[in-house]
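Student: how would this look folded up:
(2 chains)
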Amino acid sequence: MKFLIKNGRLVDPSSGIDNTVDIMVADGRIEDIHPRLEPGNAERVIDAAGLVVCPGFIDMHVHLREPGDENKETIRSGVEAAVHGGFTSVACMPNTNPVNDNRSVTEYIIARAKKCRLAHVFPVAAISRGLQGENITEMADLAAGGAVGFSDDGRCVMSADLIRKALEYCRMLDLPIIEHPEDHSISGEGLVNEGLISYKYGMRGILNAAEEVIVARDIILQDRIRSRLHLTHLSTARSVANIKDAKARGIPVTADATPHHLLLNEEKITTYNTVFKVKPPLRTESDRQALVEGLADGTIDCIASDHAPHTRDEKDKEFEYAPFGVIGLESTVSVVYDRLVRTKMISLMRMVELLSTNPAVILNLKDRGKVKKGLPADLTILDLNQRFTIDTGKFRSKANNCPFRNWEGMGRVAFTIVDGRVVYESGA
Amino acid sequence: MSTPGFNQRHLLGIEHLSAGDIDTILDTADSFVEVSTRNIKKVPALKGRTVVNLFFENSTRTRSSFEIAAKRLSADLINFNSSVSSLKKGESLKDTVLTLEAMNPHIIVIRHRAAGAPKYLTTFARSSIINAGDGFHEHPTQALLDAQTMRQRFGKLRGLKIAIVGDILHSRVARSNLILHHKMGNTVHLVGPPSLVPKEFESMGAKVYHDLKAGVEGTDVVMMLRVQEERGAGNYFPSIREYRRLFEINAAVFATAAPDAIVMHPGPLNRDVEIETSLADSERSVILQQVNNGIAVRMAVLYLLKGEPNEVLN
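Tutor: Residues are numbered from 1 along each chain as shown, chains lettered A, B, ... in the order given. Below is the predicted model:
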């Protein structure tokens, strides 16, 4: 299939381009980029006048639930949700059943995803076997099978010795350790941010220190090891300050934040609505503001949704008994543009960097995150002048636990293009 | 039969009541006190109404208190006992309540270990919901019966100084009392070790003390909370022995309170742990009066709510 994207505004932070150009896509790749191209033998011309063409967005932290929890999400429903939300690639976490701690599971996930021919799926494998926090996985074999990083995600590695060894070992693979920073001995049975609101509403709290001591620990280890360390879904002001300081001292560390931690605070939980029950918990307004500042000043490198699907019944419960997690694949792009770019907290260029350029660099995806002649054509095309309403009824995800439901604003995904195929088209 | 000015559909917590609502409930309770002194302790106020006691935590006093209150108002009451119910078979709270509601009750009284469970019920149930204690969150009828006890003793519920002593962090009784007395313009001292009394409670209008004497001095009411042995296991304090030495109320410490001060306790008591047994049995103790007032206050709450929403639906 050959097609021409005409008169689009290309925004590509990898080259700093922000210009109106024509892009010819052929055989899955970008054949040419030029101020003016003729359609020639192209089968289709996409009129992109007034639209913004970006390198395909990458969500580096999602849960696809397959194998094991297919009632929550499947690889198919997950990649359908991804392209519906403008993501051409996702990196999926290993807490499936069985756990992705061996090459056969990694290869299974990749094979299932390939059959869907929608978004690319890059599996993140476990740091420790069975996520038990005791013995490291066969990281080189997993990498050979296609793993792009290692994480025990929700079960943060409590042994400082183990995380040290993991960082050291995977240095030869040039792949990141992705840490979900949570000291479980502090967070315990906590449900929400610990502070006035947890005390007032009678819920066990999760101190911000539960996150911060792991952020500090990992930075101290990384100062010596100099491997690749990525800290995911930051939620507190002190975490941001700590990473800013580490970066200033030249310690290799990267970080992401989620749309919910960037746009919501702990006051949401005062009605005990389980859609706001998430780990790390929604924090204070000043924490939220510190995250947005960190996003703007470069401390935080990317936005990831931590898309965590659960069934309706699982979330329709007493707050204490509902599982943690929210979904984000189909809301992230619109809410981030409307609430962070339109409000001038960050630029459009920075948004693309956070959603595409940087996650590609962190996951070492050399062909992704940029729009360049000869590279695979993964593109996200936005219509910034279209209104959106987050309608979970129209989601492709099996789940509807989205904390932004019914939000309205400006900015929608118009086209999602993966390997030179239009896999989503608004209104089509 | 509606009482002017009282427009609450549910009683989820003191948080949602105005000072005027609280006065109305206590005034109504006062008028029901007399009923319990009659030979025939029954009025027909709620004849034909159905009240469900839905208790997911063990409770004798609160459950019996609601049961007696409902029966003295001539309501039909059923007790839903979670230990022999479908809950053991893994039925969700929502399904349990929807099943009960298919039998058209007017009021559901719920006690549950999860904070916010009563609020959750209001998102789908048609009945009036009364919170009989949800986790560490609120226990509004307890705070109301405590307030009625204070009002009887002091003739007013304004300008009082109240010390609440013990495990504030895990106490729904403390929260509901704190919120109530803050609304009524009373001063509340919260007393206990820092691990059980976070300083953040000061922004809810309390003064925090970690020294029993300092917290109790000059107060009109000393309310002791039951200390749970398992908190020791959680390292909130090292041992009952040390806790008793620091925070047990005895005659000597109590003597520093106001001359006509009273000592209260929501029960059940740990005698000679948080309260010296002779003080618990002294004239200054109103512990049994609290239990007695529980009936009248719960009658008032049942009467004022009456399960109106169901009637509207019919």
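Student: just give the nearest non-adjacent residue to the residue nearest to the spatial centre of chain A, would you?
Tutor: For chain A, residue A:304 is the residue whose C-alpha lies nearest the centre (C-alpha atoms, centre = their mean; 2.4 Å). Closest residue to residue A:304 apart from its sequence neighbours, by C-beta to C-beta, 6 or more residues apart in numbering or on different chains: residue A:61 at 3.7 Å. C-beta here means a position set from N, CA and C on the backbone, and glycine is covered the same way.
Student: returning to what we had before: pretty sure the residue nearest to the centre of chain A contacts residue A:59?
Tutor: Yes - using C-beta atoms under 8 Å, residue A:304 is in contact with residue A:59, at 5.7 Å.
Student: overlap in contacts, these two.
Tutor: Counting by C-beta atoms under 8 Å, 6 or more residues apart in numbering or on different chains, the contacts common to residue A:304 and residue A:59 are residue A:359.
Student: so how many other residues sit close to residue 65?
Tutor: If you meant another chain, say so; for now it's chain A. Applying other C-beta atoms under 10 Å in any protein chain shown, we find 26 residues neighbouring residue A:65.
Student: let's do chain B instead
Tutor: Burial of residue B:65 is recorded as 24 neighbouring residues (other C-beta under 10 Å).
Student: ok, now residue B:115?
Tutor: 26.
Student: for residue A:330, same thing?
Tutor: Neighbour tally, residue A:330, other C-beta under 10 Å: 28.
Student: residue contacts, it?
Tutor: Residue A:330 sits next to A:81, A:84, A:85, A:390, A:395, A:396, A:397, A:402 when contact means C-beta under 8 Å, 6+ apart.
Student: before we move on, the earlier item: now the residue nearest to the centre of chain A. Its backbone dihedrals?
Tutor: phi -130, psi 150 (degrees, to the nearest 10).
Student: same deal with residue B:110?
Tutor: With angles defined as degrees, to the nearest 10, residue B:110 sits at phi -120, psi 130.
Student: can you tell me how far it is from residue B:98?
Tutor: Distance of residue B:110 to residue B:98, given as C-beta to C-beta, to the nearest Å: 14 Å.
Student: kindly report the same for residue A:80.
Tutor: Taken as C-beta to C-beta, the span from residue A:80 to residue B:98 is 33 Å.
Student: more neighbours: which of the two?
Tutor: Neighbour totals were compared for residue A:80 and residue B:98, and residue A:80 leads with 22 against 13 (other C-beta under 10 Å).
Student: just confirm the residue nearest to residue A:304 is within a strand.
Tutor: Yes - counting by DSSP: H, G, I helix; E, B strand; the rest coil, residue A:61 is part of a strand.
Student: whichever residue of the stretch 151-300 of chain B sits closest to chain A in helix, strand or coil?
Tutor: Closest to chain A within the stretch 151-300 of chain B is residue B:200: 4.5 Å, counting by C-beta to the nearest C-beta. Under the three-state scheme (three-state DSSP), residue B:200 adopts helix.
Student: now it: closest residue in space, sequence neighbours ignored.
Tutor: residue A:196 (4.5 Å).
Student: please apply the same query to residue A:419.
Tutor: Among residues not flanking residue A:419 along the chain, residue A:28 sits closest, at 4.4 Å (C-beta to C-beta, 6+ apart).
Student: least trustworthy helix or strand in chain B by mean pLDDT?
Tutor: Lowest by mean pLDDT, DSSP states H and E among the helices and strands of chain B is helix B:308-313, with a mean of 44.
Student: isn't the residue nearest to residue B:200 right up against residue B:203?
Tutor: Yes - contact criterion C-beta under 8 Å: residue A:196 and residue B:203 qualify, at 5.6 Å.
Student: looking at those two, which is more packed in?
Tutor: residue A:196 (18 against 11).
Student: pLDDT score assigned to that one?
Tutor: Residue A:196 is assigned 96 on the pLDDT scale.
Student: which residues does it contact?
Tutor: Neighbouring residues of residue A:196 by C-beta under 8 Å, 6+ apart: B:200, B:203, B:204.
Student: cool, residue A:130 as well?
Tutor: When contacts are counted by C-beta under 8 Å, 6+ apart, residue A:130 is found next to A:99, A:101.
Student: now do residue A:102
Tutor: Counted by C-beta under 8 Å, 6+ apart, residue A:102 has contacts A:137, A:138, A:141, A:142.
Student: state the distance from it to residue B:15.
Tutor: Going from residue A:102 to residue B:15 by C-beta to C-beta gives 51 Å.
Student: was I right about residue A:216 contacting residue A:242?
Tutor: Yes - with contacts counted by C-beta under 8 Å, residue A:216 reaches residue A:242, the gap being 5.8 Å.
Student: between the two, which has more neighbouring residues?
Tutor: Shown here are residue A:216 and residue A:242; by other C-beta under 10 Å, residue A:242 has more neighbours (22 against 17).
Student: please name the nearest non-neighbouring residue to that one.
Tutor: Closest residue to residue A:242 apart from its sequence neighbours, by C-beta to C-beta, 6+ apart: residue A:215 at 5.2 Å.
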